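Peer 1: Quick check, what structure comes out for this input:
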Amino acid sequence: MFKNKNENGLNNISGKKIALLRKNVKPKMSQRVLAEKLQLQGIDVDKNAVQRIECGKRFVTDIELVSFAKIFDISVDELLGLK
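Peer 2: Numbers count the residues shown, from 1 in each chain. Prediction:
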């Protein structure tokens, strides 16, 4: 049977890493600021969507992953925990 959730019940595997990266940026970045940075890249998300991504309640598209990687200056592989 096809399943859309990770083994831990989350809808994505990058949310926790995104939250960690956001909190470790100096100065600390809010979810609202992250949403604004994504919007500048043409990604239609708001603060609430960022919150849902970070806690694993929302799927993340490949286009969004690329934008997150650009914002944090890391590879998509790193966001996915592959490196």
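Peer 1: contacts and neighbour counts: CA atoms only from here.
Peer 2: Will do.
Peer 1: How about the helix or strand harbouring Lys23, which residues are buried there?
Peer 2: Applying DSSP states H and E as the criterion places Lys23 in helix 15-24. Neighbour-count burial for helix 15-24, counted by 16 or more other CA atoms under 10 Å, picks out 15-16, 18-19, 21-22.
Peer 1: what sits up against it?
Peer 2: 28-31, 34, 53-56, 68, 72, 79 (CA atoms under 8 Å, 6 or more residues apart in numbering).
Peer 1: Which one of those residues is nearest to Ile43?
Peer 2: Phe68 (10.0 Å; CA to CA).
Peer 1: got the contact list for the closest one?
Peer 2: Phe68 touches 18, 38, counting by CA under 8 Å, 6+ apart.
Peer 1: Distance-wise, check it relative to Asn8.
Peer 2: According to CA to CA, to the nearest Å, Phe68 and Asn8 sit 22 Å apart.
Peer 1: just Glu64 next, same as before
Peer 2: The value you get for Glu64 to Asn8, if CA to CA is used, is 22 Å.
Peer 1: Looking at these two, which one has more neighbours?
Peer 2: Each of Glu64 and Asn8 has its neighbours counted (other CA atoms under 10 Å); Glu64 has more, 17 against 9.
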